[in-house]
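> Here is a sequence together with a model predicted from it:
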Amino acid sequence: MNLILFGPPGAGKGTQAKRLVDGRGFVQLSTGDMLRAARASGSELGTRVAAIMDAGSLVSDAIVIELIEDALDRNKGAPGFIFDGFPRTVAQAEALDALLAARGAGIDLVLRLEVDETALIARITKRFEEQGRADDNPESFKVRLKAYSDQTAPLVPYYQGQGKMVGIDGMAAMDAVAAAVAGAVDGAARKR
Ligand code: AMP
């Protein structure tokens with residue numbers, strides 16, 4: 001079972017992914033976490049992406065596709081993958097379909113966390129105050145929202161066309177969101 005947690009920055013993708021990891025043993029693949037780890041390690045890749053990330057723009061498709069390919073190879077035999085923050089462009093989605101097909105797998109479910117923009121801004125402002133993530137500052141966050149609407153939102157028709165997208169009310173309380181996510185995952189598992 002492979003699923004994508006889809007939604008704008010601040011929708012709660014990471015939180016819900018961690019719950020699925022704890023509950024079902026899925027492996028979470030977050031390109032944002034991988035890139036932050038690369039930066040923290042001081043690697044050449046980390047240095048290359050730092051300014052792009054802090055500005056709130058997307059790093060190149062080639063970089064994140066390679067990160068995902070390596071992670072798939074390192075986690076052979078996992079009961080399932082949760083893609084969190086990936087794919088973010090149609091080119092990434094096409095590459096993911098090809099990478100999974102080459103491994104005899106595919107995406108079973110795309111969970112779209114639906115949230116309103118005012119709430120997102122409030123959430124991100126709070127996260128910025130609590131965690132100090134550089135790209136949560138109001139200027140970068142605006143760029144991230146724009147990147148989402150320009151480059152990532154076209155994935156909605158892509159996955160709707162494949163009949164894989166399920167909407168989840170991301171404005172509900174965290175436990176209610178988790179229950180809706182669990183229901184959708186169980187439903188997709190029954191269909192396999
Ligand atoms: P996230 O934690 O998923 O919000 O990602 C933080 C930042 O990492 C993004 O604003 C981008 O600069 C970069 N990033 C993460 N995932 C991707 C991706 N799939 N494609 C391009 N850039 C990404």
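All right, it came through fine. Numbering: from 1, shown residues only.
> which of the residues in the strand or helix carrying residue 23 are buried?
Residue 23 is part of helix 13-24 when elements are defined by DSSP states H and E. Buried residues in helix 13-24, counted by 16 or more other C-beta atoms under 10 Å: 13, 16, 17, 19, 20. Every C-beta, even on glycine, is put in place using the N, C-alpha and C of the backbone.
> Closest to the ligand out of those?
Nearest to the ligand, judged by C-beta to the nearest ligand atom, of the buried residues of helix 13-24 is residue 13 at 7.4 Å.
> so who does that closest one touch?
5, 6, 7, 84, 85, 113 (C-beta atoms under 8 Å, 6 or more residues apart in numbering).
> Among those residues, name the ones in helices.
Counting by DSSP state H, these place none of their members in helices.
> Output those in CSV; the columns should cover pLDDT, distance to residue 62 and neighbour count.
Formatted as CSV, the contacts of residue 13 follow (pLDDT from 0 to 100; distance: C-beta to C-beta, whole Å; neighbours: other C-beta atoms under 10 Å):
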residue, pLDDT, distance to residue 62, neighbour count
5, 97, 23, 26
6, 97, 21, 27
7, 96, 24, 23
84, 97, 20, 24
85, 97, 16, 23
113, 97, 27, 22
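> can you tell me which two in these are farthest apart?
85 and 113 (11.8 Å; C-beta to C-beta).
> Name the residues contacting each of the two.
5, 13.
> Report the backbone C-alpha coordinates of the helix ranked longest in the chain in CSV.
Determined from DSSP H, the single longest helix within the chain is helix 174-191. Only the C-alpha atoms of helix 174-191 are listed here, as CSV (Å, rounded to 0.1, in the frame of the first residue of the first chain):
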residue,chain,number,x,y,z
MET,A,174,-6.3,16.4,14.7
ASP,A,175,-7.8,13.1,16.0
ALA,A,176,-10.8,13.5,13.7
VAL,A,177,-8.5,14.0,10.7
ALA,A,178,-6.5,10.9,11.8
ALA,A,179,-9.8,8.9,12.0
ALA,A,180,-10.8,10.1,8.5
VAL,A,181,-7.3,9.2,7.2
ALA,A,182,-7.5,5.8,8.8
GLY,A,183,-10.9,5.1,7.2
ALA,A,184,-9.6,6.1,3.8
VAL,A,185,-6.5,3.9,4.1
ASP,A,186,-8.7,0.9,5.3
GLY,A,187,-11.0,1.5,2.3
ALA,A,188,-8.2,1.5,-0.2
ALA,A,189,-6.6,-1.6,1.4
ARG,A,190,-9.9,-3.5,0.9
LYS,A,191,-9.9,-2.6,-2.7
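> tell me which residues in that helix are buried?
177, 178, 180, 181, 184, 185, 188.
> Hey, what's the angle from it to helix 13-24? Just curious.
Angle, helix 174-191 to helix 13-24, by axes from the mean of the first three to the mean of the last three C-alpha atoms, to 10 degrees: 60 degrees.
> other SSEs contacting helix 174-191?
With contacts taken as 3 or more C-beta pairs under 8 Å, 6 or more residues apart in numbering; DSSP states H and E, helix 174-191 sits against helix 13-24, strand 109-114, strand 165-169.
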